[in-house]
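1. could you look at this predicted model? Sequence included:
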Amino acid sequence: MATTSKNMKGFYRQKKNNTTGGITKPKSSNSTKNPSPKLAATFGSDITQPPALISHGGSFDLKDDFDEQEQVLRQFDMNMAYGPCLGITRLARWERAQRLGLNPPKEIENLLKGGKVKLECLFAGRV
């Protein structure tokens with residue numbers, strides 16, 4: 001073990017004290033204080049957002065394409081009190097929870113039997 005500590009200086013690369021020798025990058029006259037607009041689109045920046053984040057109406061495109069009914073069903077999917085939702089339809093999951101006495105919301109059953117919503121859970125095809 002003593003020989004290992006003696007060779008530690010050789011193991012780690014040391015910085016050279018001589019800063020004038022070697023290859024160096026030329027100093028440019030442009031400073032990095034004023035970043036280009038392409039790199040400055042961050043939180044709190046005055047630069048406008050790139051077109052990919054703006055919808056056709058001119059507002060930010062942060063809303064998904066689902067209505068309030070789908071939002072309620074997604075909350076049902078995320079609630080693990082009714083068991084896992086992978087590999088099973090929402091209606092089958094609701095019926096299983098009902099059989100097990102977990103008392104799932106009747107509103108979910110009405111939405112699913114109405115036939116106007118997707119029967120697959122939120123994670124179907126994603127996991």
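-> Here it is on my side, so go on. Numbering: from 1, shown residues only.
2. helix or strand with the lowest mean pLDDT in this protein?
-> Every helix and strand in the chain was compared by mean pLDDT, DSSP states H and E; the lowest is helix 2-6, with a mean of 59.
3. low-confidence ranges, this protein, go.
-> Across the chain, the ranges flagged by pLDDT under 70 are 1-7, 9-10, 14-26, 28-65.
4. where along it do the helices fall?
-> 2-6, 8-11, 68-78, 90-99, 106-114 (DSSP state H).
5. show the contacting residues for the closest residue to Glu109 other than its chain neighbours.
-> Nearest residue to Glu109, sequence neighbours excluded (C-beta to C-beta, 6 or more residues apart in numbering): Trp94, at 5.6 Å. C-beta here means a position set from N, CA and C on the backbone, and glycine is covered the same way. Residues counted as contacts of Trp94 (C-beta atoms under 8 Å, 6 or more residues apart in numbering) are Phe76, Tyr82, Pro104, Ile108, Glu109, Leu112.
6. let's see it at 10 Å
-> 73, 76, 82, 88, 102, 104-106, 108-109, 111-113 (C-beta atoms under 10 Å, 6 or more residues apart in numbering).
7. thanks again, I'm all set now.
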